[in-house]
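*Asks:* compute the structure for the input listed below.
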Amino acid sequence: MKRRFLLRAAGSLAVAAPFAALAQAAEWQTVVGRDLRFRIEMPAPAKETKAAGKEKGHASELIAWESKHDGEMFNFDYVDYTAGWFSGRDTKVAARELGRGEAEKAFARDKFKYVRDEPVTLQGWDGYALDIQDAGGAVVMMRTYIVKDRLYRLLVTAKDDEASKAIARRFLESLRLAETRPA
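*Replies:* Sure, this is the predicted structure:
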């Protein structure tokens, strides 16, 4: 999965308007899945798009949201895979492969520092965290989670200052799933 070549190596993704929740700061909005399986907070306005092409294993089109804040990118997408696609696979390995994808090609280790490169979980579901820093301290943070036969991906950029990185972390930590993995 190429993630649109890492959003054109952290470029942009064309995206229509999602559902915004009430009672929140004017600068942020909550995106809720039509099937109510997730919610995430993004800087407003977040725009939604659907990718027409399907990749191997996809059972649905890729649905994505994009927003910008202070010149930084916030991207979230998900895609459903065919039933049983991940059940026969080690989801820890699959999350790593899908989480790293084209990143190793787009962000060569001799030019970029991999500051976080490890498995993570969200509500018991397997995922992968990859944070890549450039020579100036700016960072691209990516998270990938596999929940049953759905793949969730988040990508955010942040400047080399604590305020920008705090906003990026708020976005990454805001994803909530309707389902917790049974123990």
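*Asks:* which strand or helix spans the residue positioned nearest the centre of the chain?
*Replies:* Using C-alpha atoms, centre = their mean, the residue of the chain that lies closest to the mean C-alpha position is Leu154, 1.1 Å off. Leu154 is part of strand 150-158 when elements are defined by DSSP states H and E.
*Asks:* what's the single longest helix in this protein?
*Replies:* Taking residue count as the measure and DSSP state H as the definition, the longest helix of the chain comes out as helix 162-173.
*Asks:* quick one: residues in contact with the following helix or strand past that one.
*Replies:* Secondary structure here is assigned by DSSP H and E; on that basis, the next helix or strand after helix 162-173 toward the C-terminus is strand 176-177. Strand 176-177 has contacts (C-beta atoms under 8 Å, 6 or more residues apart in numbering) with Arg37, Phe38, Arg39, Ile40, Leu122, Gln123, Trp125, Tyr145, Val147. C-beta coordinates here come from the backbone N, C-alpha and C atoms, glycine included.
*Asks:* wait, what's in contact with the last one?
*Replies:* Translated: Val147. For Val147, the set of contacting residues under the criterion of C-beta under 8 Å, 6+ apart consists of Arg37, Trp125, Leu177, Glu179, Arg181.
*Asks:* report the separation between it and Ser60.
*Replies:* 14 Å (C-beta to C-beta, to the nearest Å).
*Asks:* cool, and the first one?
*Replies:* Relative to Ser60, Arg37 is positioned 12 Å away (criterion: C-beta to C-beta).
*Asks:* and stretch 173-183, which residues are buried?
*Replies:* Buried residues in stretch 173-183, counted by 16 or more other C-beta atoms under 10 Å: Ser174, Leu175, Leu177.
*Asks:* ok, the residues you listed vs Ala51, which is closest?
*Replies:* Distance to Ala51, by C-beta to C-beta, is smallest for Leu175 among those, at 19.7 Å.
*Asks:* thought that closest one was touching Ile40?
*Replies:* Yes. In this structure, Leu175 is within contact of Ile40 by C-beta atoms under 8 Å, at 4.7 Å.
*Asks:* tell me, what's touching these two both at once?
*Replies:* Taking C-beta under 8 Å, 6+ apart as the contact criterion, the common neighbours of Leu175 and Ile40 are Phe76, Leu154.
*Asks:* before we move on, back to that, need the contacts of strand 176-177 in CSV with pLDDT, can you?
*Replies:* Listed next are the contacts of strand 176-177 as CSV, based on pLDDT from 0 to 100:
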residue, pLDDT
Arg37, 96
Phe38, 97
Arg39, 97
Ile40, 98
Leu122, 97
Gln123, 96
Trp125, 96
Tyr145, 96
Val147, 95
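*Asks:* most neighbours among the residues you listed, which one?
*Replies:* Ranked by neighbour count under the definition other C-beta atoms under 10 Å, the contacts of strand 176-177 are headed by Tyr145 with 26 neighbours.
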